[in-house]
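Q: Okay, predicted coordinates and the sequence, questions at the end:
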Amino acid sequence: MRRVALLTGGSGFLGSWLIRSLIQHGYETVYVLARSDAKSSAKHRVYRTLHVHSNGALLRRADRILNVIEGDLCQP
């Protein structure tokens, strides 16, 4: 069975650790909902935070596994 997850708040401290855990536990696809801001895209924010808490090997795996979706649950 294919392992897929949806995570909100992936650009935050806890979100980066959850992404790391999902990748390490063999999830094949992880959809990450994250907000952009005036300076950075959602994808950039997720990878910037993930970079702080991960190593190079995990980041290379993340490129194949993560699908960052720009959005905000508080906005209609």
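A: Everything's here; your move.
Q: If we ignore the residues flanking it in sequence, what's nearest Thr49?
A: Of all residues not flanking Thr49 in the chain, Ser16 sits nearest, at 4.4 Å (Cβ to Cβ, 6 or more residues apart in numbering). To be clear about C-beta, it is placed using only N, CA and C from the backbone, and glycine gets the same treatment.
Q: Spell out the secondary structure type for that neighbour.
A: Secondary structure state of Ser16, per DSSP: H, G, I helix; E, B strand; the rest coil, is helix.
Q: What ranges does the protein have for its helices?
A: Here the chain has its helices, by DSSP state H, at 13-24, 42-53, 56-65.
Q: Looking at those, which is nearest to Val32?
A: Evaluated with Cβ to Cβ, those place helix 42-53 nearest to Val32, the distance being 5.6 Å.
Q: list the buried ones in the closest one?
A: Applying a neighbour-count criterion of 16 or more other Cβ atoms under 10 Å, the buried positions in helix 42-53 are Ala42, Lys43, Arg45, Val46, Tyr47, Thr49, Leu50.
Q: Quick check, the last one in contact with Trp17.
A: No - using Cβ atoms under 8 Å, Leu50 and Trp17 do not qualify as a contacting pair, with a distance of 9.4 Å.
Q: By mean pLDDT, point me to the weakest helix or strand of this structure.
A: Least confident helix or strand of the chain, by mean pLDDT, DSSP states H and E, is helix 56-65 with a mean of 87.
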